[in-house]
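From the sequence below, what's the structure:
(2 chains)
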Amino acid sequence: MTQEGDPTKKIEGLDVAETRLKHIDEAKRKKKIFIVKVTLVWIGIFVALFYVLYRFNLDFRFMLKYTPFIFKGVGITIFVSIGAIACACILALIGAVSRLSKNPVLYGASTFYVSLIRGTPLIVQIFVIYLGLPQLGIILSAIPAGIIALSVNYGAYMTEIFRGGIQAVRRGQMEAAYSLGMTYTQMMKRVVLPQALRIIIPATGNEFIAMLKDSSLVAFLGVWELFFRAQKVGRQNFRNMETLLIAALFYWMVTILFQYFQGRLENKLAEGTTKITGMTH
Amino acid sequence: MKRRNTLFRLTPIIVICLLSVTMPAMAGTLDDVLSKGVLTVSTDANYAPQSFLDDKGNLVGFDIDVAKAVASRLGVKAKHVTPDWDIIVSGKWGGRWDLSIGSMTITSERAAVVDFSIPYYYTPAQFAIHKNNKRVNTINGLVGKTVGIGAGTTYESYLDPNQSLTIGGGEGIAYQVQGVKGKPYSTDMEAVQDLALGDGTRLNGVLTSGFVVQEAMKKGVPIKPVGDPVYYEPLAAASDKARAGSRAFIDKVSEVIQSMHDDGTLTRLSNKWYGFDVTKKAQ
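Prediction:
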């Protein structure tokens, strides 16, 4: 008796199940060897990096002395980034739906928004919101101005991500939803968006990781986040290199942490879609 | 479910968000400060010993102490904020802070957007070269060479033949050397670090405050001063011209600074941070 979808060749005289187990063990072993090899590569890269840093003539005692002070900026950096990405998601959802809409006002406004904000530098936008708005009577302090500028900027890029995700959901889903009598809002909320999330989440995670670094621009508004602390301490001691490297290291560690969480989120969302032998989708 | 419902639900949230944003103060600056009981002062914390961060990350320095003394004589507490220098120097602060006590040189270009108090101290403008440079002995040796400066400082204007530089009460500056090429950096500190790479590697010299040169040498940066200071700049407190009551406020601050000159407070603070008196005009 053969099993459906059996990937192994029929070996004469051998139990098919036993062959399968052998193949799985083989695959596990190969994976372990691969992990060991990759780890060796990473160790090699780190050794090379340390050698390069050693040649830079860095003052390590100085670096250790100021590491705690620079580290205290991590909290604000994460706070600004999370605040901005949350607002950016809201903007992106509105923007994406508007970009796909037949309403001329919504379509026109959202297309203009995406073009203008993607087409101008983020630092310019930050200064416009911080320095320009007061001339209209709206005065924001540094952190709100920074979060708003970052949200508006990332919202434009993420509008295209959300739009792509929504458009990737098969038309058949929309038609089926309409034929069941759902309104546009119900269809989006219950059918399209949940499926679009599988494309949107990885891309949004990527944007968040980029946002962590772009949040450093609020240093120009005087916020004591990671980059600001590193820059000030570095400048006043004439050792920019040391302090900026410390800041870079913290940015990297925070990024790795979020990458891990993003990976777990993606796995959770993909739970309903892994291949089960014998089923077709 | 009608589409109207969503917008109706959003409107109160939008209104609350807009209301939580502050509006510009309409009353005079001095009245605001006195009624709030807080004087918010801006400072750019790059420069020891004017304004820098100590080991624990507190803002300390000559400028910080002067600000605290001014505030206490006005009967209020001092609070510091740290925006970028470009934002401080271009005025239109939007009422976010009341006063700049940050070693800002009085120039007529800046006086167009800020109101200056009387000077509270003076800084020599000093050329510096790499420690191992044996060829240059006077500042004339830097003619035709590249010298680093901080962007937006008077040193940049001094070296740039296209920029005018009128300091203080309209005293002209004798340009002691011409034809030196200025290369701007985001601050003087980056220029100093580039000079430290070696004579001619990126720079042949820097032009910055004499105190910055001394501080760098103290911290082991391989530079040395060359020649005498080329000019002295008066440094003053500044208030945002765009804000109501700025002139009256800055005149009050000038009174306070004058009293601090007269009773020796400024000299005392100067000795504490510089080791000598920088608050008297040098000849």
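
For chain B, what is the nearest residue in the stretch 51-200 of chain A?
residue A:134 (3.5 Å; Cβ to the nearest Cβ). Every residue, glycine included, has its C-beta placed from N, CA and C.

In contact with the residue in the stretch 101-250 of chain B positioned nearest to chain A, which residues are there?
Here the stretch 101-250 of chain B gets closest to chain A at one residue, residue B:189, 4.0 Å apart by Cβ to the nearest Cβ. Counting by Cβ atoms under 8 Å, 6 or more residues apart in numbering or on different chains, residue B:189 makes contact with A:235, A:236, A:238, A:240, B:46, B:47, B:150, B:212.

at 6 Å what do you get?
Contact partners of residue B:189, counting by Cβ atoms under 6 Å, 6 or more residues apart in numbering or on different chains, are A:235, B:46.

picking up where we left off before, tell me the pLDDT at the residue of the stretch 51-200 of chain A closest to chain B?
Note for residue A:134: predicted pLDDT of 85.

OK, contacts around residue 215?
Defaulting to chain A. Neighbours of residue A:215 in contact, by Cβ under 6 Å, 6+ apart: A:77, A:80, A:81.

Let me rephrase: I mean chain B.
residue B:48.

what's the helix or strand for the residue of the stretch 101-250 of chain B closest to chain A?
Applying DSSP states H and E as the criterion places residue B:189 in helix B:188-195.

Sort out which residues of stretch B:64-72 are buried, please.
Under the neighbour-count criterion of 16 or more other Cβ atoms under 10 Å in any protein chain shown, stretch B:64-72 has B:64, B:65, B:66, B:67, B:68, B:69, B:70, B:71 buried.

Quickly note the distance from residue A:84 to residue A:227.
15 Å (Cβ to Cβ, to the nearest Å).

ugh, typo on my part, it should be residue B:40
23 Å.

higher neighbour count, these two?
residue A:227 (25 against 21; other Cβ atoms under 10 Å in any protein chain shown).

which residues does the more buried one contact?
A:216, A:219, A:247 are the contacts of residue A:227 under Cβ under 6 Å, 6+ apart.

Could you rerun that using 10 Å?
A:70, A:73, A:77, A:213, A:215-220, A:243-244, A:247-248, A:250-251 (Cβ atoms under 10 Å, 6 or more residues apart in numbering or on different chains).

next one: residue B:266
For residue B:266, counting by Cβ under 10 Å, 6+ apart, the contacting residues are B:62, B:65-66, B:69, B:120-121, B:257-260, B:277-280.

Apply 7 Å and report the result again.
B:120, B:260, B:279 (Cβ atoms under 7 Å, 6 or more residues apart in numbering or on different chains).

you'd agree the first one is in a strand?
Yes: residue state for residue B:120 (DSSP: H, G, I helix; E, B strand; the rest coil) corresponds to a strand.

Ignoring the adjacent residues along the chain, who's closest to it?
residue B:257 (5.2 Å; Cβ to Cβ, 6 or more residues apart in numbering or on different chains).

and that neighbour, how many neighbours does it have?
25.

do the same with residue A:270
Neighbour tally, residue A:270, other Cβ under 10 Å: 11.

picking up where we left off before, closest one of the contacts of residue A:227 to chain B?
residue A:220 (4.4 Å).

Which phi and psi values does the closest residue to that closest one other than its chain neighbours adopt?
Sequence neighbours aside, residue B:84 is the residue nearest to residue A:220 in space, at 4.4 Å (criterion: Cβ to Cβ, 6+ apart). The phi/psi pair for residue B:84 (degrees, to the nearest 10) reads phi -70, psi 150.

Then the one 10 residues further on?
For residue B:94, the backbone dihedrals are phi 70, psi 20 (criterion: degrees, to the nearest 10).

can you pick the most crowded of the contacts of residue A:215?
In those, the most neighbours by other Cβ under 10 Å go to residue A:77, 26 neighbours.

Counting by contacts, list what whatever helix or strand comes next after the helix holding residue B:189 packs against.
Helices and strands here follow DSSP H and E; after helix B:188-195, the next one along the chain is strand B:205-209. Contacting strand B:205-209 under the criterion 3 or more Cβ pairs under 7 Å, 6 or more residues apart in numbering or on different chains; DSSP states H and E are the following elements: strand B:114-130, strand B:146-150, helix B:154-159, helix B:188-195.

returning to that earlier point: ok, now how distant is the residue nearest to residue A:220 from residue A:78?
Taken as Cβ to Cβ, the span from residue B:84 to residue A:78 is 22 Å.
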